[in-house]
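> based on what follows, work out the 3D shape:
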Amino acid sequence: MKVMVSHIPNTFNYGSAMMAINLIYYLNKKINDNVGFFVDTRTDEDLQNLIKSTGLKNIEANNKLPDKKDFIATGKNVNMDLNWIGAYCDEITNYYNCFIVLGGDDLSEYYSKEQVTYELFKINRIAAKIPVLLIGQTVGPFTAWRKGYAVDMLKTSRIFTRDYLTSEYLKNELGI
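Sure thing, here's the model as predicted:
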């Protein structure tokens, strides 16, 4: 089994690193070593930190990324972004058996309303073909049309929240 674990580019962010180390270590134990983990670390040093911290040898860097230069656009071009995301999703679903998104507040409008719509689109597109697990997430809140969009995009994923408020928001506000 090949499992892609995303959202751990920097192992010097101790919260993300701790989640990644524990998730990978215990999943590996549960699956009885019959798994390969692929991560989106930015550097080889980050990858080596994960390998050393887990004591596992079945962790590699994800190399299934379409080259952004193949999607060159002038100025801000939403179609270029969506085309790249589509190509990225195809690479993930054609190679991996499962896609895990480690928690944080990436599924929120706090930083960028545009970015969260891309992230939700990516999650939904991947979940249409392989299991997607959202582990340790804080989700929302969403406003305007993005609230219904989030419901549609998240309905095929398995969400494991990291706090009570998120769990209540998902159940009571989004009906997930």
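
> find me the pLDDT at the residue most central in space within the chain, would you?
A centroid search over the chain (CA atoms, centre = their mean) returns Val101, at 2.7 Å, as the residue closest to the centre. Here the pLDDT value assigned to Val101 is 94.

> cool, and Thr117?
Reported pLDDT for Thr117: 88.

> that one and Leu154: what is the separation?
12 Å (CB to CB, to the nearest Å). (Each C-beta comes from the backbone N, C-alpha and C, glycine too.)

> neighbour count: those two, which is higher?
Leu154 (23 against 18; other CB atoms under 10 Å).

> mind listing the helices for this structure?
14-30, 44-54, 78-95, 113-127, 145-154, 164-168 (DSSP state H).

> return the most buried member of those helices.
helix 113-127 (a mean of 19; mean count of other CB atoms under 10 Å).

> which residues sit against that one?
Residues outside helix 113-127 that contact it (CB atoms under 8 Å, 6 or more residues apart in numbering): 81-82, 85-86, 88-89, 92-93, 99, 101, 106-109, 132, 134, 142, 146, 149-150, 152-154, 156-157.

> in the sheet, who's paired with Thr161?
Gln137 (DSSP bridges).

> list the residues that contact it.
Gly136, Gln137, Thr138, Val139, Ser167, Leu170.

> for the first one, which non-adjacent residue is spatially closest?
If I follow you right, that is Gly136. Nearest residue to Gly136, sequence neighbours excluded (CB to CB, 6 or more residues apart in numbering): Gly103, at 2.8 Å.
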